[in-house]
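Peer 1: here is a sequence together with a model predicted from it:
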Amino acid sequence: MDIINIIFYDTLKIFALITPVLITVALIVWLDRRVWGLVQLRRGPNVVGPFGLFQSLADALKFIFKEVIIPAGANKIIFILAPIVTMSLALLAWAVIPFSETLFVSNINVGILYLFAVSSLGVYGIIMAGWASNSKYPFLGALRSAAQMVSYEVSIGFIIVTVLLCVGSLNLVDIVLAQKNVWFAIPLFPMFVIFFISSLAETNRPPFDLPEAEAELVAGYQTEYSGMMYALFWLGEYANILLMCAMGSILFLGGWLSPINIAPFNLIPEPIWLIIKILFLFLIFALIKAIVPRYRYDQLMRLGWKVFLPVSLVWVILTSGFLLYFDLLPT
């Protein structure tokens, strides 16, 4: 009975996490469109429901009832698996995100490695989609995505090492608690900026949306997809964006910690603070998409390998040297 109870409560915890994440994904799609509308001096979604809030629900219903068309030359099994893999990995990573010191699905000691590993696996869904479609545009988009995500994961890895040097632990709760006095965004500000820009590239967001550049590749790796399978890619992309915003909040913005420990700030529940920080970073994601023009592919690679990689590597050396010299290395 104990095993059954454990399985039951773990299942409840998983559903209690996945349901809000999916609802939030639908809401941030609406927020994304509203931000673009404001920047471009137009209304954005404003018809379906109050302020257009149900527009995402209407889009979901449209995708559900649309026919799923599988190209005759496609590898059907891999073609169907690709969006499922993308969506599943996007949700799996949320298992270790702590919303407070006690509120999480799993508090593993190597949480940051788990996050980095799962987010790195996301490229496989895109590669599978591009290859299985048996079409030139999806294949080119998949190749671009693989090179792009691998390139920027290197600098993200060094950025995470910089944070871990300051904390001395791979546990996400410990990383947040280490920022009680000062958020890491202040002493490690250049790393925070590089992490945020690398997150844009990691999630294929503008100005780094080259794997799905409509001017060159129609829709990139998603070109041959339709109906609910296309919607799964769409949901997975936004779930990954939220995940990268959550990682940025935990690594650099103090996670669930209040910015000022005085009323009324310290009266706001801890999970709400994390959600506020995630939404703040997402707003910057949305503004960048509306404002910044797309990079060329050679500019994208040059930025990753010739700018971000050397800077992040030098910052790791400087941080470790500073901590060692002033005897600040955590024990």
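Peer 2: Now that the structure is in, tell me what you want to look at.
Peer 1: please name the nearest non-neighbouring residue to Val154.
Peer 2: Leu309 (5.8 Å; CB to CB, 6 or more residues apart in numbering). Quick note: C-beta positions are derived from backbone N, CA and C, even for glycine.
Peer 1: read off the pLDDT value for that neighbour.
Peer 2: pLDDT recorded at Leu309 is 92.
Peer 1: that one is in what secondary structure piece?
Peer 2: Using DSSP states H and E, Leu309 sits within helix 309-325.
Peer 1: show me what that helix is packed against.
Peer 2: Other elements packing on helix 309-325 under the criterion 3 or more CB pairs under 8 Å, 6 or more residues apart in numbering; DSSP states H and E are helix 136-167, helix 189-202.
Peer 1: can you report how many residues neighbour the residue nearest to Val154?
Peer 2: 18 (other CB atoms under 10 Å).
Peer 1: for it, give its distance to Arg302.
Peer 2: Per CB to CB, to the nearest Å, Leu309 is found 11 Å from Arg302.
Peer 1: now do Tyr295
Peer 2: 9 Å.
Peer 1: quick one: which of these two has more around it?
Peer 2: Tyr295 (17 against 13).
Peer 1: now do the SS call for the more buried one.
Peer 2: Classification of Tyr295 by DSSP: H, G, I helix; E, B strand; the rest coil places it in coil.
Peer 1: what about the helices in the stretch 151-300 of the chain?
Peer 2: 172-177, 189-202, 214-217, 227-252, 270-291, 297-302 (DSSP state H, counting those that start in this stretch).
Peer 1: next one: the stretch 1-150 of the chain
Peer 2: Counting by DSSP H, counting those that start in this stretch, the helices of the stretch 1-150 of the chain are 2-39, 55-65, 76-92, 111-132, 136-167.
Peer 1: of all those helices, which lies closest to Ile288?
Peer 2: helix 2-39 (10.1 Å; CB to CB).
Peer 1: helices or strands up against the closest one?
Peer 2: By 3+ CB pairs under 8 Å, 6+ apart, helix 2-39 packs against helix 55-65, helix 227-252, helix 270-291.
Peer 1: okay, buried residues for that helix please.
Peer 2: By neighbour count with 16 or more other CB atoms under 10 Å, helix 2-39 contains the buried residues 17-18, 21-22, 24-26, 28-37.
Peer 1: that helix vs helix 270-291, what angle?
Peer 2: 40 degrees (axes from the mean of the first three to the mean of the last three CA atoms, to 10 degrees).
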